[in-house]
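K.L.:
for reference, the sequence and a predicted model appear below.
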Amino acid sequence: MKVLLAAGGSAGHVEPALTLADTLLDDDSSVEIVALGTERGIESTLVPERGYRLITVPAYPFPRRMNRRTLTAPVRIGGSIRKVTEVLRREQPDVVVGFGGYVAFPAYVAARRLGIPIVVHEANAHPGLADRVGARLTPWVAVNTAGVLPSAAHIGMPLRKSIRDLASMSLEERAAARAAARLHLGLAADRRTLLVFGGSLGARHINATMAQASDDLAAANIQVVHIVGSAGQGLPDDWPPERAADQPAYVSLSYLAAMHEAFAAADAVVCRAGAMTCAEVSAVGLPAVYVPLPVGNGEQTLNARPVVDAGGGVLVDDADFEVEAVRGQVIPLVTDVERCEVMSAKARRFAIVDADERLADLVRAAAALRGRTKRSAKVDAP
């Protein structure tokens with residue numbers, strides 16, 4: 001089986017695609033994976049780093065408003081479809097799996113024209129245009145949030161193995177993982193621990209608020225792991241705060257590849273509400289204060305709403321996430337052990353941990369149809 005993954009632009013598109021690739025290969029080492037993306041997107045580094053072949057094509061956004069570029073959009077998008085069609089004819093995949101974004105739309109159209117089965121996975125609670133179109137071209141459609149696309153299978157979000165492993169630990173295993181992670185991150189073993197991260201595009205306001213509230217957190221005996229982003233936007237010049245040996249640590253990191261360690265160390269989290277973030281935080285059972293990024297079409301609020309409604313998190317608007325919100329909502333949550341335990345259990349019950357296998361089953365079903373078509377063509381050939 002040969003699988004072409006169409007995913008690019010953001011980690012929310014690329015990470016579930018790579019997780020699917022890992023799962024397919026774990027199940028059958030003969031599977032061939034090729035990824036379709038762009039030269040500038042995050043996939044240009046993530047895909048090769050994971051050992052997969054990346055083919056880059058030009059991909060263009062759909063115009064959101066009328067301007068000069070709107071007039072040339074059909075020509076540019078048509079050119080992208082032609083390029084992808086050339087790739088599919090050359091690569092001859094058994095199935096095309098799309099995860100939304102600019103590169104997915106031309107992949108869906110080209111695959112439909114060539115009779116290649118399509119599988120669509122939509123991560124967000126507000127589907128993008130590419131996946132709304134793709135869902136009309138195939139019966140194999142999967143979603144992370146129930147009901148966002150007609151007749152789609154609700155399978156959840158494919159999660160990295162490190163996150164799945166953490167989510168499946170027993171209480172004793174989780175306690176050991178917590179102790180090891182705190183030791184590795186330079187944290188005390190017995191202090192309440194808050195994890196904070198905002199993502200590369202959404203960290204500025206969260207960073208600024210947490211910097212202003214750092215003394216309040218110390219006074220509440222809360223130690224913090226704060227992933228501030230590569231640029232450290234919104235932070236003061238004298239960051240990070242100095243702490244005496246007997247005070248709670250404030251660990252500030254620009255980036256952490258092993259996010260499962262930070263999850264293992266934490267009692268609660270403050271974060272944005274991207275689809276991947278909501279899925280991972282829920283799966284590992286962390287009570288969360290979600291601060292949706294106030295851009296786009298409001299999809300981050302929609303992403304967090306189901307787990308919040310299930311009791312596994314709380315929502316705070318970005319505009320309201322100031323020092324008073326930390327004092328009035330974050331600190332009381334982190335220091336309330338019983339409340340954290342209840343929210344943790346509710347988040348875990350909401351989460352779907354085996355989405356990677358569910359999606360792999362859809363891919364295999366679609367590819368099997370392609371295989372039957374190929375065999376039939378050989379039989380019918382003169």
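P.N.:
Looks like it arrived, so ask away. For clarity, every value in this text was computed on a predicted model and none was experimentally measured.

K.L.:
CA only for contacts and neighbour counts going forward, please
P.N.:
Will do.

K.L.:
which residues of the stretch 1-150 of the chain fall in helices?
P.N.:
11-27, 43-49, 68-91, 104-114, 129-134 (DSSP state H, counting those that start in this stretch).

K.L.:
what's next to the last one, contact-wise?
P.N.:
Okay, so that is helix 129-134. With C-alpha atoms under 8 Å, 6 or more residues apart in numbering as the contact definition, helix 129-134 has outside contacts at 98-102, 104-105, 108-109, 118, 120-122, 149.

K.L.:
what about it, average pLDDT?
P.N.:
What helix 129-134 shows for mean pLDDT is 93.

K.L.:
ok so, going back, ranking the helices of the stretch 1-150 of the chain by burial, who's on top?
P.N.:
Mean neighbour counts were compared across the helices of the stretch 1-150 of the chain using mean count of other C-alpha atoms under 10 Å; the top stretch is helix 104-114, at a mean of 23.

K.L.:
circling back to that earlier point, looking at the helices of the stretch 1-150 of the chain, which has the lowest confidence?
P.N.:
Per-stretch averages of pLDDT across those put helix 68-91 at the bottom, with a mean of 80.

K.L.:
domains in this structure, as residue ranges please.
P.N.:
Dividing the chain into domains by automatic domain parsing, as the record does, gives the ranges 2-159+354-380, 161-350.

K.L.:
ok, back up a step: how about a markdown table for the helices of the stretch 1-150 of the chain, with distance to A367 added?
P.N.:
What follows is the helices of the stretch 1-150 of the chain, written out as a markdown table (distance: least, C-alpha to C-alpha, whole Å):
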| stretch | distance to A367 |
| --- | --- |
| helix 11-27 | 12 |
| helix 43-49 | 22 |
| helix 68-91 | 14 |
| helix 104-114 | 13 |
| helix 129-134 | 17 |
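
K.L.:
for A279, find the nearest of those helices.
P.N.:
Shortest distance between A279 and those, using C-alpha to C-alpha, is found for helix 11-27: 10.7 Å.

K.L.:
worst average pLDDT in the domains of the chain?
P.N.:
domain 2-159+354-380 (a mean of 88).

K.L.:
separation between M1 and G312?
P.N.:
Counting by C-alpha to C-alpha, to the nearest Å, the gap between M1 and G312 amounts to 39 Å.

K.L.:
again but with T19, I slipped
P.N.:
Using C-alpha to C-alpha, we find T19 at a distance of 25 Å from G312.

K.L.:
over to G156?
P.N.:
Between G156 and G312 the distance, using C-alpha to C-alpha, works out to 16 Å.

K.L.:
give me the more crowded residue out of these two.
P.N.:
Under the criterion of other C-alpha atoms under 10 Å, the comparison of G156 against G312 puts G312 first, with 29 against 25.

K.L.:
tell me the SS of the residue positioned nearest the centre of the chain?
P.N.:
The chain has M276 as the residue nearest its centroid, 2.5 Å off, counting by C-alpha atoms, centre = their mean. Taking DSSP: H, G, I helix; E, B strand; the rest coil as the rule, one finds M276 in the helix state.

K.L.:
so it sits against G12, correct?
P.N.:
Yes. Shown here, M276 and G12 form a contact pair, counting by C-alpha atoms under 8 Å, at 5.8 Å.

K.L.:
contact partners for G186?
P.N.:
Shown here is G186, whose contacts under the criterion C-alpha under 8 Å, 6+ apart are A249, V251.

K.L.:
distance check, it against D317.
P.N.:
When distances are taken as C-alpha to C-alpha, G186 and D317 turn out to be 31 Å apart.

K.L.:
and R160, by the same measure?
P.N.:
R160 is 28 Å from D317, by C-alpha to C-alpha.

K.L.:
cool, G134 as well?
P.N.:
On the measure of C-alpha to C-alpha, G134 and D317 end up 32 Å apart.

K.L.:
any idea how far L24 is from E43?
P.N.:
19 Å.

K.L.:
look up how far A262 lies from A179.
P.N.:
Between A179 and A262 the computed distance is 11 Å (C-alpha to C-alpha).

K.L.:
the more surrounded of the two?
P.N.:
The neighbour comparison of A179 against A262 (other C-alpha under 10 Å) goes to A262, with 24 against 16.

K.L.:
could you pull up the residues touching that one?
P.N.:
Taking C-alpha under 8 Å, 6+ apart as the contact definition, A262 lies against A181, L195, V225.

K.L.:
helix or strand for it, which one?
P.N.:
helix 259-265 (DSSP states H and E).

K.L.:
go through that helix and flag the buried ones.
P.N.:
Burial within helix 259-265, assessed by neighbour count using 16 or more other C-alpha atoms under 10 Å, is assigned to H260, E261, A262, F263, A264, A265.

K.L.:
against V337, how distant is V308?
P.N.:
Relative to V337, V308 is positioned 18 Å away (criterion: C-alpha to C-alpha).
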